[in-house]
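**Q** Need coordinates for the below:
(one chain, ligands or ions: 1)
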Amino acid sequence: MSADGFEKIADVSEIQPGAIKVAKVAGSEVWVANIEGAFFAHPNKCTHAGGPVGKGKLNGPVIQCPWHGSKFDVRTGEVVGPPAKVRLPSLEVKLEGNAVLVRVV
Ligand code: FES
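**A** Numbering: from 1, shown residues only. As a prediction, the model looks like this:
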């Protein structure tokens, strides 16, 4: 891991608008989504019951957890559909050249 906690997750070209990449970093899974050219990252753990929310279906800026259907706004992590009540934590993302980096600590 780099000194500032950022780890490369993907090349920018790997995550096209509307796409998601799930990656394992420092022992935990995270996912990064491209929403109209902006990248957003969250832990791959639904706040409802720990489901792999990053494997869910993306519809515009909203992702739906594959386990029980909670919906979250990827840009903010806010819950936009039940049963989840707690927003998804957001992870810091930065671009360096052609690399997408996520801060995992
Ligand atoms: S674990 Fe995601 S909706 Fe239940």
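
**Q** for the ligand, what are the nearby residues on this structure?
**A** Applying Cβ under 6 Å from any ligand atom, we find that the chain lies next to the ligand at 46, 48-51, 53, 65, 67-70, 83-84. The C-beta positions use only the backbone N, C-alpha and C, and glycine is treated the same way.

**Q** Among these, which one sits closest to residue 19?
**A** Checking these against residue 19 with Cβ to Cβ, the nearest one is residue 53 at 15.3 Å.

**Q** got a list of what the closest one touches?
**A** Each residue near residue 53 by Cβ atoms under 8 Å, 6 or more residues apart in numbering is listed here: 31, 42, 44, 45, 46, 63, 65, 66, 70, 72, 88.

**Q** Repeat that for residue 72.
**A** Neighbours of residue 72 in contact, by Cβ under 8 Å, 6+ apart: 42, 53, 62, 63, 65, 78, 79, 80, 81, 84, 87, 88.

**Q** Just list whatever residues bridge to the nearest residue in space to residue 15 that is not next to it in sequence.
**A** Once flanking residues are discounted, residue 15 sits nearest to residue 34: 4.6 Å by Cβ to Cβ, 6 or more residues apart in numbering. Residue 34 has these beta-bridge partners by DSSP bridges: residue 39.

**Q** for residue 63, same thing?
**A** Under DSSP bridges, the beta-bridge partners of residue 63 are residue 58, residue 72.

**Q** wait, doesn't residue 55 sit right on residue 63?
**A** No: contact between residue 55 and residue 63 fails when scored by Cβ atoms under 8 Å: they sit 9.5 Å apart.

**Q** who has more neighbours, these two?
**A** Taking other Cβ atoms under 10 Å, residue 55 and residue 63 do not tie; residue 63 has more neighbours (27 against 15).

**Q** roughly how far apart are that one and residue 25?
**A** 19 Å (Cβ to Cβ, to the nearest Å).
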